[in-house]
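Visitor: below are the sequence and a predicted model for it; my questions follow.
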There are 2 protein chains.
Amino acid sequence: MHDLQMTMDDGVRAIPIPGLPEIVSGENIGNLISDQCLMNDTPPCVGDLIVVAQKIVSKSENAVVELSTQTPNDEAYRLAQIVGKDPRLVQIVLDQSTRVVRAVQGVLIVETHHGFVCANAGVDHSNIEGDETVTILPVDSDRSAEIIRGAFLRRTGRKVGVVISDTFNRPWREGSINVAIGIAGFDPLQDLRGTEDDFNREMTTSVVSLADEVASMAQLVMGEAGRVPAAIVRGVKWNPGDHSKTRLLRPANQDLFR
Amino acid sequence: MHDLQMTMDDGVRAIPIPGLPEIVSGENIGNLISDQCLMNDTPPCVGDLIVVAQKIVSKSENAVVELSTQTPNDEAYRLAQIVGKDPRLVQIVLDQSTRVVRAVQGVLIVETHHGFVCANAGVDHSNIEGDETVTILPVDSDRSAEIIRGAFLRRTGRKVGVVISDTFNRPWREGSINVAIGIAGFDPLQDLRGTEDDFNREMTTSVVSLADEVASMAQLVMGEAGRVPAAIVRGVKWNPGDHSKTRLLRPANQDLFR
């Protein structure tokens, strides 16, 4: 058994979960991923965080849209002209969004129903069969994470936390990083306020986005091409709890940067 | 010897480097950190990335300012009133900056000389002795990283990459994450454009900020309180090269979000 939790000095580790089949609609990916961990001889430990790429969550939940089903409205046509994208694709993005943040040639930044600010509302062409098919973000990615968490507990007896991750670009900085778009079983923030620094002064501003750092770490073994859409992150100290991804979203009226 | 590089299937690992003394001005932290790795029985491997917290780099380079030495100008007094901070501290922030991005109660977001958009230009009170002393960011954090890289090669014979990391808050998302503010010896971006996805379609937009993901990963073992200001990240595939941190900065005229 691998039940001993690593201590801080052992560090943290991201372990890829290769070998998963192409995911189709209706698949219970929690069962698939936990079984695959056992088959790979990397069984989950209590305290592991399981990171799962949004793409396979969306596929399993049939969060997939055919461009051919779309009838773009005037706004979609207008924006499609500005950004240089297929109006049907723009319509799908608009359907997923509450507001358009930025629209210029090649770029459509929106705020999604969930509250994520990202390119194209997370609507994505890559790693899905068919040129006319796109994935959209899961309707409720916390629920998706909770289902995977339950599957791990049932199939392996291990209490794990779950992160659904997606790849976001960012203001000011080049390159994408992975962030958490859904969580289950743990507190995605690590609040260090009230603790003391090395000189016994209170740390006043240190709330770490544990879930986002874990999502980024997992991407280093998951890769972009989608062949390894899940990973185990082991050795991170986290607090169990029933939290929502909304805890990771800064309320607009407190957003220091906008 | 630990010279065998891990393969992808072994995953990636962040190993803390505890045991470093309090860093003082003039200290060669490259020597200290590489020696500490050997003492801790976690010798570096070829291909490791060494992540070092900005705070100890600044301390070793005497990138430290006493509030008592400051004579705030009119702009510093004006902004200090708005944000509710010590005008002398605001003067230090302004001296580190090319422009003020946002100033409201409690918050001063600027763009630094280096091109980083962050709170208070990275000027920081925590983990430094004396209530009237702050650290500022290293003048040239790539050079700082290069010196550490050289020390590892000399002291251990190992070719490593180096990341200087700092903790940044972000627009739209709660909690801080660690990012790279200086690099040496490797390409901080992983460019997947031109590769194919699982369905043989070209990946067109996938440039991953490897250095930022590595910085975030390292924070999971470094912690905020400063007691473990350095870590080894092992198992990440990277391309060697002579790159600058400016590669991580999105040019303003290409910034999709502003």
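Guide: All right, it came through fine. Residues are numbered from 1 along each chain as shown, chains lettered A, B, ... in the order given.

Visitor: ok, residues contacting stretch A:56-71?
Guide: A:20, A:23-29, A:86-89, A:91-92, A:123, A:128, A:130, A:132-139, A:141, A:144, A:164, A:182, A:229-230 (Cβ atoms under 8 Å, 6 or more residues apart in numbering or on different chains). C-beta here means a position set from N, CA and C on the backbone, and glycine is covered the same way.

Visitor: mind running it again at 7 Å?
Guide: A:23-25, A:27, A:29, A:86, A:88-89, A:91-92, A:128, A:132-139, A:141, A:144, A:164, A:229 (Cβ atoms under 7 Å, 6 or more residues apart in numbering or on different chains).

Visitor: let me know the pLDDT of the residue lying closest to residue A:246 once chain neighbours are set aside.
Guide: Leaving aside its sequence neighbours, residue A:246 sits nearest to residue A:115 (Cβ to Cβ, 6 or more residues apart in numbering or on different chains; 6.6 Å). Looking at residue A:115, its pLDDT is 94.

Visitor: tally of neighbours for residue A:115?
Guide: 16 (other Cβ atoms under 10 Å in any protein chain shown).

Visitor: so is it in a helix, a strand, or just coil?
Guide: Of the three states, residue A:115 takes coil according to DSSP: H, G, I helix; E, B strand; the rest coil.

Visitor: isn't it up against residue A:247?
Guide: No. Using Cβ atoms under 7 Å, residue A:115 is not in contact with residue A:247, being 11.0 Å away.

Visitor: surely residue A:77 is in a strand?
Guide: No. Assigned with three-state DSSP, residue A:77 falls outside any strand and is helix.

Visitor: and the closest residue to residue A:84 other than its chain neighbours, backbone torsions?
Guide: Excluding the flanking residues, the one nearest residue A:84 by Cβ to Cβ, 6+ apart is residue A:105, at 5.6 Å. The phi/psi pair for residue A:105 (degrees, to the nearest 10) reads phi -50, psi 120.

Visitor: just want to check the distance between residue A:105 and residue A:79.
Guide: 11 Å (Cβ to Cβ, to the nearest Å).

Visitor: look at the two and report which has more neighbours.
Guide: Neighbours per residue (other Cβ under 10 Å) separate residue A:105 from residue A:79, with residue A:79 holding more: 20 against 8.

Visitor: residues contacting the more buried one?
Guide: A:90, A:100, A:103, A:108.

Visitor: which of the residues you listed are buried?
Guide: Buried subset of those (neighbour count, 16 or more other Cβ atoms under 10 Å in any protein chain shown): A:90, A:100, A:103, A:108.

Visitor: need the residues you listed in JSON lines with pLDDT and distance to residue B:218, can you?
Guide: Listed next are the buried ones among the contacts of residue A:79 as JSON lines, based on pLDDT from 0 to 100; distance: Cβ to Cβ, whole Å:
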{"residue": "A:90", "pLDDT": "97", "distance to residue B:218": "39"}
{"residue": "A:100", "pLDDT": "95", "distance to residue B:218": "36"}
{"residue": "A:103", "pLDDT": "93", "distance to residue B:218": "37"}
{"residue": "A:108", "pLDDT": "93", "distance to residue B:218": "34"}
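
Visitor: closest one of these to chain B?
Guide: For those, the closest approach to chain B (Cβ to the nearest Cβ) belongs to residue A:108, at 9.3 Å.

Visitor: what helix or strand is that closest one on?
Guide: Assessed by DSSP states H and E, residue A:108 sits inside strand A:107-112.

Visitor: that strand packs against which elements?
Guide: helix A:74-83, helix A:87-95, strand A:97-104, strand A:117-119 (3 or more Cβ pairs under 7 Å, 6 or more residues apart in numbering or on different chains; DSSP states H and E).

Visitor: ok, residue A:80 touching residue A:90?
Guide: Yes. Contact criterion Cβ under 7 Å: residue A:80 and residue A:90 qualify, at 4.4 Å.

Visitor: anything in contact with each of these two?
Guide: With Cβ under 7 Å, 6+ apart as the test, residue A:80 and residue A:90 both reach residue A:72.

Visitor: in the stretch 51-200 of chain A, what residue lies closest to chain B?
Guide: residue A:175 (2.9 Å).
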